[in-house]
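# Attaching a predicted model along with its sequence, questions to come.
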Amino acid sequence: MIRINVELGERSYPIHIGQGALEEVGKELARLNATRVLVVTNTTVGPMYAGRILKNIQAAFPNMPAAVVELPDGECYKDLEHIQTILDAAVRCGLDRKSVMIALGGGVVGDMTGFAASMWMRGISFIQIPTTLLAQVDSSVGGKTGVNLPAGKNLIGAFHQPKSVLIDPDVLKTLDPRQISAGLAEVIKYGFLGDCQFVQSLEERMPQLRALDPAAISDVVAHCCRMKARIVKLDEREAGERAKLNLGHTFGHAIEKATGYGVWLHGEAVAAGTVMAAVLSRRLGYISEDDVVRVRRLVKACGLPEVIANINAQEAWLLMQGDKKTLGGIVRFVLMHSIGESVIESVDKQAAVDAMHECGWS
Ligand code: NAD
Ligand code: GLY
């Protein structure tokens, strides 16, 4: 078992990574002196894994009241209505201040459970058990929680750190390969934004990763979690450094919104967005065409689209002005200074639009 500590003073917590990590749930509940437990999951993941979690809880604490609430599956249910579903279950289960919520699922379930836990009795503990690659390498760590509004993604939420994160690479075996590729978009992001050697190791090991080789996956998930823990320690509330985790996301969010949520998975849009960020970085004189080719090659090796075309650049620019990195109307991008080194900079409209045109946007 690999153990990584997210160091945030009194809000510090461990991440356990390895086969059998789910079985740590009893120990974690004991550490938290939990009185009751509510497992929040969805209609896809619940039937596969919730029974195993309950069995572990009951083995450790035969008298612990524990219940499961299943949300409908999909980003379109990541809304306030379904936060109410979680809170209604909390009422039914009589959760008190020492009760613990467990998020069992991908990023949608994780973000929603964390948000509900931040609100219940002004904040109770929660544990993340991420079951998608994206959630294992990114969303379960760092304490960003929230839901979407019709006006935009993740517009409301709270920073609420989990008390622990339990990551078992074996649960990825039931995941659709398209979702594995989408998770790999966030994996390669870590390399491009801050670790050239990691890019090289991903180039060498991509076939093993896509085949879910347990050693390769555990190693890569641990590397990403270490990088995220380091960044979150430096900048928990995204005053600066943490925004680098949005490499490829400014273009990516515009792709998701312009094409309609759900057409492209978040990771697919981020992958094409990462190529666009590389093209923009080259146009601004930071990286070479060879570097752009290298970015494209790794995106393709993940099974991800290098280009998502036919988007209107002017409309996309308007969408980007609503990006959370935009300050005072000035759109800021995460750019690559080199492979493995990134900066956050404001970019003028014409430079961004020229890069969009080069990438096939009208
Ligand atoms: P998701 O939660 O929708 O999961 C993808 C699909 O996989 C769903 O259908 C789900 O039911 C299914 N699934 C999950 N685990 C499975 C398993 N083991 N076997 C079979 N099927 C399984 O999507 P996601 O990509 O995990 O997360 C995307 C969400 O994460 C977005 O809402 C995004 O905003 C959020 N996010 C948050 C952060 C953060 O820091 N909080 C970071 C990145 C993304
Ligand atoms: N995934 C972006 C962040 O956690 O900041």
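Right, received. Where do you want to start? Ligands and ions are numbered 1, 2, ... in the order given.
# ok, what's across the strand from the residue nearest to Val347 when sequence neighbours are not counted?
The shortest distance from Val347 to any residue that is not its chain neighbour, by C-beta to C-beta, 6 or more residues apart in numbering, is 5.1 Å, and that residue is Phe333. Every C-beta, even on glycine, is put in place using the N, C-alpha and C of the backbone. Under the criterion DSSP bridges, Phe333 forms beta bridges with Glu345.
# My read is that Phe333 contacts Ala277, right?
Yes. In terms of C-beta atoms under 8 Å, Phe333 counts as a neighbour of Ala277; the distance is 6.4 Å.
# Need the residues touching each of those two.
Residues touching both Phe333 and Ala277 (C-beta atoms under 8 Å, 6 or more residues apart in numbering): Thr250.
# Please report the distance of Arg97 from ligand 1.
When distance is defined by C-beta to the nearest ligand atom, to the nearest Å, Arg97 is 24 Å away from ligand 1.
# Which residue ranges of the stretch 101-250 of the chain form helices?
When secondary structure is read from DSSP state H, counting those that start in this stretch, the stretch 101-250 of the chain shows helices at 107-119, 133-134, 177-194, 196-210, 214-234, 249-259.
# what's the most buried one of those helices?
Looking across these with neighbours counted as mean count of other C-beta atoms under 10 Å, the highest average goes to helix 133-134: a mean of 27.
# hmm, back to that, burial count for the residue nearest to Val347?
Burial measure for Phe333: 28 neighbouring residues, criterion other C-beta atoms under 10 Å.
# how far away is it from ligand 2?
Distance from Phe333 to ligand 2, by C-beta to the nearest ligand atom: 15 Å.
# if I pick that residue, what's in contact with it?
Thr250, Ala277, Leu280, Lys325, Ile344, Glu345, Ser346, Val347, Ala352.
# and if you look at Ile156?
Residues Leu80, Gly146, Val147, Leu149 are the ones in contact with Ile156 under the rule C-beta under 8 Å, 6+ apart.
# try 10 Å this time
Under the criterion of C-beta atoms under 10 Å, 6 or more residues apart in numbering, the contact partners of Ile156 comprise Asp79, Leu80, Ile83, Phe115, Thr145, Gly146, Val147, Asn148, Leu149.
# Considering those residues, which is situated nearest to ligand 1?
Thr145 (6.4 Å; C-beta to the nearest ligand atom).
# could I get the helices of the stretch 101-250 of the chain as a markdown table with mean pLDDT and distance to ligand 1?
As requested, the helices of the stretch 101-250 of the chain are exported to a markdown table (pLDDT from 0 to 100; distance: least, C-beta to the nearest ligand atom, whole Å):
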| stretch | mean pLDDT | distance to ligand 1 |
| --- | --- | --- |
| helix 107-119 | 98 | 2 |
| helix 133-134 | 98 | 4 |
| helix 177-194 | 98 | 5 |
| helix 196-210 | 98 | 16 |
| helix 214-234 | 97 | 9 |
| helix 249-259 | 93 | 9 |
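# Turn those helices into TSV, including distance to ligand 2.
Output for the helices of the stretch 101-250 of the chain, formatted as TSV (distance: least, C-beta to the nearest ligand atom, whole Å):
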stretch	distance to ligand 2
helix 107-119	9
helix 133-134	9
helix 177-194	7
helix 196-210	17
helix 214-234	7
helix 249-259	8
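# Around ligand 1, pick out the residues from the stretch 201-350 of the chain.
Within the stretch 201-350 of the chain, the positions near ligand 1 by C-beta under 6 Å from any ligand atom are His266.
# Can you name the residues of the stretch 201-350 of the chain sitting close to ligand 2?
In this structure, the stretch 201-350 of the chain approaches ligand 2 at residues Arg242, Leu245, judged by C-beta under 6 Å from any ligand atom.
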